[in-house]
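# my questions concern the predicted model and sequence given below.
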Amino acid sequence: MGAAQSGLAGPYLAARAAVIGGDHREAAAYFESALLADPGNPLLIGNAVFANAALGNFGRAAAIAEDMPDSTGGQELINLVRLVELIRLQEWDRVRAEIGQGRGAGPFIDDLALGWLSLGAGDMSRAVRIFETIAEDRLMAELGALHLALAHAATGNFERADALLSSDAMVRISQTERVVRGRAEILVQLGRRADALDLLDGYTQQVPDPALLELQARIGAGAEGPYGFVATAAEGVAEVFFTVAQALGGDAPSNLPLIYARAAAEIAPDHADARMLAAELLYDSGQFALAADAYGAVPADSDQYVEAQMGRAEAIEEMGDIERATDVLAQLAQERPDLASVLAGYADMLRRAENCQGAIDAYTAALDLVDTDQPRYWFVHYARGICHHRTDDWDAAEADFRRALELNPEQPQVLNYLGYSLVEQRRNLDEALGMIERAVAARPDSGYIVDSLGWVFYRLGRFDEAVEPMERAVQLLPTDPIVNDHLGDVYWMVGREREARFQWERALSFDPEDEDATRIRRKLEIGLDRVLEEEGGVGETQ
């Protein structure tokens, strides 16, 4: 093997491993190292371009792409990164020429982009024709109508833009967070500030989106100035990349939505929604470090900053650093103590970090900010109840669980937790059975809930009835030590002692250091009956 080949093998193998692991940053670095050993290799060039584009490094990707021979197949990505660089530089004549010669970013992007290029050239009539033609295509109808509305708004025709966005006149446009934001800003320009506030209030009542709450506060204070949602041809083309990425979402078989989202942010650096989408796609694909970086790139003066920091904390937690993740949310909670969503998110992180008292305080602060009669706050009561339970304050825990059920009467998690807790306390066993049966009806495939049903039958002394649900729970959670231990106890009580010992052995094999391991070993040594006698013999069953 020659020196060049020897220098190629290591970086190439490392790059392939990075690709398999989905790490675009490592892949980019290693493919570029491989290119130093084998310049001009089309395979290496293509992979280096792809990795850099996935990172949002379009300038670097375009520079590497210059070495790709025109005769090589797979030019689509090369064309895309070159086009993005030309758009960023606003070289509109060259952009039009590239698209016209079939060297654009792809059919979905190119057709919509041509509409915005026409608008940028001052030919709104042609832009309208392009968008209306796209809207006639069943697959592209919504995107065509959306961009037609945004183009009208960019040229000051806010009445037509509002009509397209708020009705089914052409095609129904999904009322996403971003569409609602655009509509609200258009309504302000029409002098309909109250309607804008009503629109935002209706959305945030269902989904308390921090970015829309920020916009709502500004509009309510009369601070919204000139229209700036999508106001230029460049911003329109960035919106094309963003909306196509959003439409493709995680259903696309490749990283194309990620590259489109990165392209939108490259063309329009202030497009925080594009940065958020890229971060979400990275998070969903398990690239948590890159997701944290993408969330962190959303500036502090953006309406999306709060949501971005919450996403960043979740990504850092997934990286295994819950202490740093908690610090991120602690800082955010100090900055925004007026946002219940921030305080609740901080409380959730504290709960997962097993700081239950801190979580209780944060949950309480969040509830103090909201209308607690709204059903969506059931989870805050449920989560706070768990923390009260873990801090041995059962009265407070039960009050929270019962309040959660008032807000969401058939919520299976709450029914199961409260029902199981009552079983363990040997209290209200008939009520507990009813709760758990309702939970099982709602979630028949949840092993933990089915285990609860078997266990309440056991506590009631209805051992024969406990067998079937407990066996089903083990089928659903075959490696869970607690569920296997429970099945062993049930088998023992119905005289199936050999099978009981087998289940206890299985439970020990899954977690020999568990806090219940000593008791299980004692059951294996002397049997469940004598263990119960040693423990007092009273109260194990009704």
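Looks like it came in fine. Please read these numbers as outputs of a predicted model, since none were measured by experiment. Residues are numbered from 1 along each chain as shown.
# pLDDT wise, what is the closest residue to Leu199 other than its chain neighbours at?
Nearest non-adjacent residue to Leu199, counting by Cβ to Cβ, 6 or more residues apart in numbering: Ala184, 5.5 Å away. C-beta coordinates here come from the backbone N, C-alpha and C atoms, glycine included. Note for Ala184: predicted pLDDT of 95.
# quick one: contacts for Ala184?
Shown in contact with Ala184 (Cβ atoms under 8 Å, 6 or more residues apart in numbering): Ala196, Leu199, Leu200, Leu212, Leu215, Gln216, Ile219.
# of those, which belong to helices?
Judged by DSSP state H, the contacts of Ala184 include Ala196, Leu199, Leu200, Leu212, Leu215, Gln216, Ile219 as members of helices.
# and the residue nearest to Leu199, what element?
Using DSSP states H and E, Ala184 falls within helix 177-189.
# could you do Met170 as well?
Using DSSP H and E, Met170 sits in no helix or strand.
# pull the contacting residues for the residue lying closest to it once chain neighbours are set aside.
Nearest non-adjacent residue to Met170, counting by Cβ to Cβ, 6+ apart: Ala145, 4.6 Å away. Applying Cβ under 8 Å, 6+ apart to Ala145 gives the contacts Phe131, Ala135, Leu164, Met170, Val171, Ile173.
# ok, residues contacting stretch 495-504?
Applying Cβ under 8 Å, 6+ apart, the contact partners of stretch 495-504 are 474, 484-485, 487-492, 520, 523-524, 527-528.
# Glu533 - how many residues pack around it?
Glu533 has 13 neighbouring residues, counting by other Cβ atoms under 10 Å.
# I'd like the numbering to begin with 47 instead of 1 from here.
Happy to do that; since the first residue is 47 now, the last one works out to Glu579.
# now it: how far from Ile572?
To Ile572, Glu579 is 9 Å away according to Cβ to Cβ, to the nearest Å.
# and what of Gly480?
36 Å.
# how many neighbours does Gln471 have?
Using other Cβ under 10 Å, Gln471 has 13 other residues around it.
# where's it relative to Gly465, distance?
According to Cβ to Cβ, Gln471 and Gly465 sit 11 Å apart.
# three-state assignment of Gly86?
Secondary structure, DSSP: H, G, I helix; E, B strand; the rest coil: Gly86 is coil.
# nearest residue to it in space, please, no chain neighbours.
Leaving out its chain neighbours, the residue that sits closest to Gly86 by Cβ to Cβ, 6+ apart is Asp113, at 5.9 Å.
# report the secondary structure state of the one you found.
Following three-state DSSP, the label given to Asp113 is coil.
# so what's the backbone phi/psi at it?
Recorded main-chain torsions at Asp113 are phi -90, psi 0, according to degrees, to the nearest 10.
# one step back: dump the contacts of Ala230 into JSON lines; add distance to Leu59 and neighbour count as well.
As requested, the contacts of Ala230 are arranged in JSON lines below (distance: Cβ to Cβ, whole Å; neighbours: other Cβ atoms under 10 Å):
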{"residue": "Ala242", "distance to Leu59": "56", "neighbour count": "24"}
{"residue": "Leu245", "distance to Leu59": "54", "neighbour count": "21"}
{"residue": "Leu246", "distance to Leu59": "53", "neighbour count": "23"}
{"residue": "Leu258", "distance to Leu59": "47", "neighbour count": "21"}
{"residue": "Leu261", "distance to Leu59": "49", "neighbour count": "23"}
{"residue": "Gln262", "distance to Leu59": "53", "neighbour count": "19"}
{"residue": "Ile265", "distance to Leu59": "55", "neighbour count": "20"}
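# tell me which of those residues is nearest to Ala277?
Distance to Ala277 across the contacts of Ala230 (Cβ to Cβ) is lowest for Leu261, with 16.3 Å.
# how near is that closest one to Ala379?
21 Å.
# and Ala359, by the same measure?
Distance from Ala359 to Ala379, by Cβ to Cβ: 11 Å.
# picking that back up, after the helix or strand that contains the residue nearest to Met216 comes which helix or strand?
Here Ala191, judged by DSSP H and E, is contained in helix 187-200. Scanning forward in sequence from helix 187-200 by DSSP H and E, the next helix or strand is helix 204-212.
# surely Ala314 meets Gly282?
No - between Ala314 and Gly282 there is no contact under Cβ atoms under 8 Å: 9.3 Å.
# report how many residues lie close to Ala64.
If you count neighbours by other Cβ under 10 Å, Ala64 ends up with 20.
# report the contact partners of it.
Counted by Cβ under 8 Å, 6+ apart, Ala64 has contacts His70, Arg71, Glu72, Ala73, Tyr76.
# would a markdown table of the ones in helices among the contacts of Ala230 with distance to Gln350 be doable?
As requested, the ones in helices among the contacts of Ala230 are exported to a markdown table (distance: Cβ to Cβ, whole Å):
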| residue | distance to Gln350 |
| --- | --- |
| Ala242 | 19 |
| Leu245 | 19 |
| Leu246 | 15 |
| Leu258 | 10 |
| Leu261 | 11 |
| Gln262 | 14 |
| Ile265 | 17 |
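# looking at the residues you listed, which is nearest Ala195?
Distances from Ala195 to those, taken by Cβ to Cβ, are shortest for Leu245, at 14.8 Å.
# tell me who's in contact with that closest one.
Residues near Leu245 by Cβ under 8 Å, 6+ apart: Val226, Arg229, Ala230, Leu233.
# which one of those residues is nearest to Val352?
Among the contacts of Leu245, Val226 lies closest to Val352 (Cβ to Cβ), at 16.9 Å.
# look up how far Leu59 lies from that closest one.
Distance from Val226 to Leu59, counting by Cβ to Cβ: 48 Å.
# so how far is stretch 266-282 from its chain's centroid?
Put simply, stretch 266-282 sits 28 Å off its chain's centre (Cα atoms, centre = their mean, to the nearest Å).
# quick one: contacts of it?
Residues from elsewhere that reach stretch 266-282 (Cβ under 8 Å, 6+ apart): 133, 136, 138, 161-163, 165-167, 193, 196-197, 199-200, 202, 204, 227-228, 231-232, 234-235, 239, 243, 261, 264, 285, 313-314, 317.
# and what of stretch 74-83?
Contacts of stretch 74-83 (Cβ under 8 Å, 6+ apart): 50-51, 53-54, 57-58, 60-61, 64, 87, 90-91, 93-94, 97-98, 101, 103, 110.
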